[in-house]
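In: what follows is a protein structure lacking sequence information:
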């Protein structure tokens, strides 16, 4: 029992470190309007600054998605914390746009390094009979950390001094404390090898997995695109259309989407993988419809409902997509297929967001948002109809592992 208590303590501590790193990736969200006032850039620039983060994540997934299996979990997590600290320093030092781009890129690198390695570490440290609870810890740390970032920054920016500096100073202190905690935790890879032995994983989708992967990838793309729009342009919409200039409220609205996603991911145990994907698509469609209503009639309650319903749909859809794709993949290709799914998802968090930024100037924020919603609604509806006609449970070709 003492051994189990020790392992659970280490599992929870590693989850806390995971949450601290992920919080840093969404910390700037409610602050973009302040940066716009300081540097005088457009809404397009806001979306590009935001999307640079996704490019950093995709780069790590393509080049080093499996590195923690080779060199060990702790070195990769320490590199991730170093990138998170460097990102905070960039924002603290920002005197021009270059600092913001660099900060977001480093933030993406930290998230890319942490996403796989920290999830694996949390699972490694859990007692042998606690896999489901460890999954809960990893999910809550990941999405909960993403939600805490804008909430923390919004509250500090609204109610404390130095709004463009204090949030990053606080995060830098949390990163330093996390590094101390991580150095006291044990390594879980039994025989680490040198970094020179790492070979990049090549993403790919075997032909027998494509029937599952296509709708799962579409649902993941739309879910992450919805999150991308929420975290990049929703503060501007709240300020310009609803006259909500309270940074804490802006941060809370974004945080609600991530917290709802956590709830959606945790609900998959009761819903089941076969139903979670079509239900997630339905939730995403409802969230998009609510967001369209909020843009059309300038109603804050609809923005909040969109965050809650769309976030829950995203959680159901992505966890279901991940489980279905993993179950359908051959064991020797599973890691590559899952990496491909993450690449598709993070493409969704970047390219559509930039598209909204491009359309904002000729169409306005409302028009650009409605075009985005229409495109995403078509995609997710197509995926949902396909899944209803061909449920994922009937398409499995590999041995379930999740």
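Out: Received, thanks. Owing to the predicted nature of the structure, the values given are computational and were not obtained by experimental measurement.

In: what residues does residue 340 make contact with?
Out: Taking Cβ atoms under 8 Å, 6 or more residues apart in numbering, we find residue 340 in contact with 203-205, 213, 217. In this view, the C-beta of every residue, glycine as well, is placed from N, C-alpha and C.

In: could you pick out the buried ones from those residues?
Out: 203, 205, 213, 217 (16 or more other Cβ atoms under 10 Å).

In: hang on, isn't the second one packed against residue 213?
Out: Yes. Distance between residue 205 and residue 213: 5.0 Å, which falls inside the contact criterion (Cβ atoms under 8 Å).

In: could you pull out the strands for the stretch 1-150 of the chain?
Out: Using DSSP state E, counting those that start in this stretch, no strands are found in the stretch 1-150 of the chain.

In: any weak-confidence spans in it?
Out: 1-2, 128-132 (pLDDT under 70).

In: got any residues that touch both of residue 205 and residue 213?
Out: With Cβ under 8 Å, 6+ apart, residue 205 and residue 213 have common neighbours 337, 340.

In: tell me how far stretch 269-277 is from the chain's mean position?
Out: 21 Å (Cα atoms, centre = their mean, to the nearest Å).

In: again with stretch 280-288
Out: The answer for stretch 280-288 is 18 Å, by Cα atoms, centre = their mean.

In: what does it contact?
Out: Under Cβ under 8 Å, 6+ apart, the answer for stretch 280-288 is 219, 222-223, 226, 264, 306-307, 309-318, 320-321, 373, 376-377, 380-381, 383-384, 387.

In: just the ones of the residues you listed in helices?
Out: 219, 222-223, 226, 264, 306-307, 309-318, 320-321, 373, 376-377, 380-381, 383-384, 387 (DSSP state H).

In: just the helices in the stretch 101-250 of the chain please.
Out: In the stretch 101-250 of the chain, the segments counted as helices under DSSP state H, counting those that start in this stretch are 131-159, 166-183, 210-242, 247-266.

In: report the rounded mean pLDDT for the shortest one.
Out: Mean pLDDT, helix 166-183: 98.

In: what's it packed up against?
Out: helix 2-26, helix 73-92, helix 131-159 (3 or more Cβ pairs under 8 Å, 6 or more residues apart in numbering; DSSP states H and E).

In: mind putting these into a markdown table with distance to residue 105 and mean neighbour count?
Out: Output for the helices and strands packed on helix 166-183, formatted as a markdown table (distance: least, Cβ to Cβ, whole Å; neighbours: other Cβ atoms under 10 Å):
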| stretch | distance to residue 105 | mean neighbour count |
| --- | --- | --- |
| helix 2-26 | 11 | 21 |
| helix 73-92 | 8 | 22 |
| helix 131-159 | 17 | 22 |
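
In: which stretch among those comes nearest residue 38?
Out: helix 73-92 (11.9 Å; Cβ to Cβ).

In: report the angle between that closest one and helix 166-183.
Out: 170 degrees (axes from the mean of the first three to the mean of the last three Cα atoms, to 10 degrees).

In: so how far is helix 73-92 from its chain's centroid?
Out: For helix 73-92, the distance to the chain centre is 17 Å (Cα atoms, centre = their mean).

In: out of the buried ones among the contacts of residue 340, which one has the weakest pLDDT?
Out: residue 203 (75).

In: over to that residue: give its phi and psi.
Out: phi -60, psi 150 (degrees, to the nearest 10).

In: which residues touch it?
Out: 61-62, 336-337, 339-340, 343.

In: buried sites along stretch 116-132?
Out: Buried residues in stretch 116-132 (16+ other Cβ under 10 Å): 116-127, 130.

In: need these in a markdown table with distance to residue 182, can you?
Out: Output for the buried residues of stretch 116-132, formatted as a markdown table (distance: Cβ to Cβ, whole Å):
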| residue | distance to residue 182 |
| --- | --- |
| 116 | 16 |
| 117 | 11 |
| 118 | 10 |
| 119 | 15 |
| 120 | 14 |
| 121 | 9 |
| 122 | 12 |
| 123 | 16 |
| 124 | 14 |
| 125 | 12 |
| 126 | 17 |
| 127 | 20 |
| 130 | 21 |
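
In: so which of those residues is the closest to residue 247?
Out: residue 118 (28.4 Å).

In: please verify my assumption that the closest one contacts residue 14.
Out: Yes. Counting by Cβ under 8 Å, residue 118 does reach residue 14; the two are 6.7 Å apart.

In: ok, how many other residues are close to residue 214?
Out: 15 (other Cβ atoms under 10 Å).

In: now swap in residue 55 and tell me
Out: Residue 55, neighbours per other Cβ under 10 Å, totals 17.

In: surely it and residue 105 touch.
Out: Yes. Using Cβ under 8 Å, residue 55 makes contact with residue 105 at a distance of 7.1 Å.

In: what residues are up against residue 135?
Out: residue 123.

In: distance of it from residue 123?
Out: From residue 135 across to residue 123, the span is 7 Å (Cβ to Cβ, to the nearest Å).
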